[in-house]
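> The sequence isn't on hand, but the structure is:
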């Protein structure tokens, strides 16, 4: 067996190489968009041969899907970490604020959530099994909050889910649309706009009930379990080609 073959089969080197490929692919996607980036471009940027890229991902679409999937998993991991650090992140307005910042700190993920066809090309198509899983997780999360009487009770859960998603995506769209300078002067920085989102969500959808301290950690743990199960299902999805 040759030294080259040994390197290709070594798990640690394979993972390091896969990470480098994903890093380069992500940078090129941000710079040029899906339609303009080729496997040759990625291979050149990573300092490897084109064939080596195909050892990890069999198609161009599989590679770029893996780039976005990594972004999603990192954002979910950030939510889990925030919940471990502060159980009150389980409250809808705190959860929205944390997730909003996690998305906007990752421009590729923002494009993915907003279905930016210039950035994503055909990867922007909705309706995948992953989309369905994320919708189910969102409903389960809202159901948990409703069971703890943390959501307003004059709207049914489906109405809250719809209105919350519209509100959340509306704030993301405002960022993507480059809010005029005059508006940004009123809400100067990203943290301030995230706080505005939190206040809007709190006033529009929450009951105003204060959850007892002894109940905060079990609720946060339940939300962590939902997110962890979601991430595990995404990683195991046979429709997503992993390295």
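That came through, no problem. If you're wondering where the values come from, they're calculated on a predicted model, not measured in any experiment.
> Find the least confident helix or strand in the chain, judged by mean pLDDT.
The helix or strand of the chain with the poorest confidence is helix 181-186; it has a mean of 49 (mean pLDDT, DSSP states H and E).
> Show the subsequent helix or strand relative to that helix.
Per DSSP states H and E, the first helix or strand lying C-terminal to helix 181-186 is helix 190-205.
> Show me what that next one is in contact with.
The contact list for helix 190-205 (C-beta atoms under 8 Å, 6 or more residues apart in numbering) reads 92-94, 96-97, 100-101, 104, 151-152, 160, 163-164, 167-168, 171, 175, 187. (C-beta placed from N, C-alpha, C; glycine too.)
> Now it: buried residues?
By neighbour count on 16 or more other C-beta atoms under 10 Å, the buried set for helix 190-205 is 193-194, 197-198, 200-202, 205.
> Stretch 42-57 now?
So, applying 16+ other C-beta under 10 Å, buried residues of stretch 42-57: 42-43, 45-46, 48, 52-53, 56-57.
> repeat for stretch 105-117
106-114, 116.
> What is the end-to-end distance of stretch 39-53?
Length of stretch 39-53, first residue to last, C-alpha to C-alpha, to the nearest Å: 7 Å.
> re earlier: any idea which of the buried residues of stretch 42-57 is the one closest to residue 20?
Lowest distance from residue 20 to the buried residues of stretch 42-57 (C-beta to C-beta) belongs to residue 46, with 5.1 Å.
> so how far is residue 55 from the closest residue to the closest one other than its chain neighbours?
With C-beta to C-beta, 6 or more residues apart in numbering as the criterion, residue 46 has its nearest non-adjacent residue at 4.6 Å, and that residue is residue 24. Distance of residue 24 to residue 55, computed by C-beta to C-beta, to the nearest Å: 15 Å.
> try residue 114
32 Å.
> now the helices: where do they sit in the chain?
Along the chain, counting by DSSP state H, helices occupy 3-9, 11-32, 39-46, 50-56, 60-85, 92-104, 107-114, 117-120, 129-147, 157-176, 181-186, 190-205, 213-236.
> And the last one, what's buried?
So the one you mean is helix 213-236. For helix 213-236, by 16+ other C-beta under 10 Å, it's 216, 219-220, 222-224, 226-227, 230-231, 234.
> In this protein, which residue is most central in space?
Nearest to the mean C-alpha position of the chain, by C-alpha atoms, centre = their mean, lies residue 72 at 3.3 Å.
> tell me the pLDDT at that residue?
Looking at residue 72, its pLDDT stands at 90.
> does it really touch residue 235, like I thought?
No: taking C-beta atoms under 8 Å as the definition, residue 72 is not a contact partner of residue 235, at 10.5 Å.
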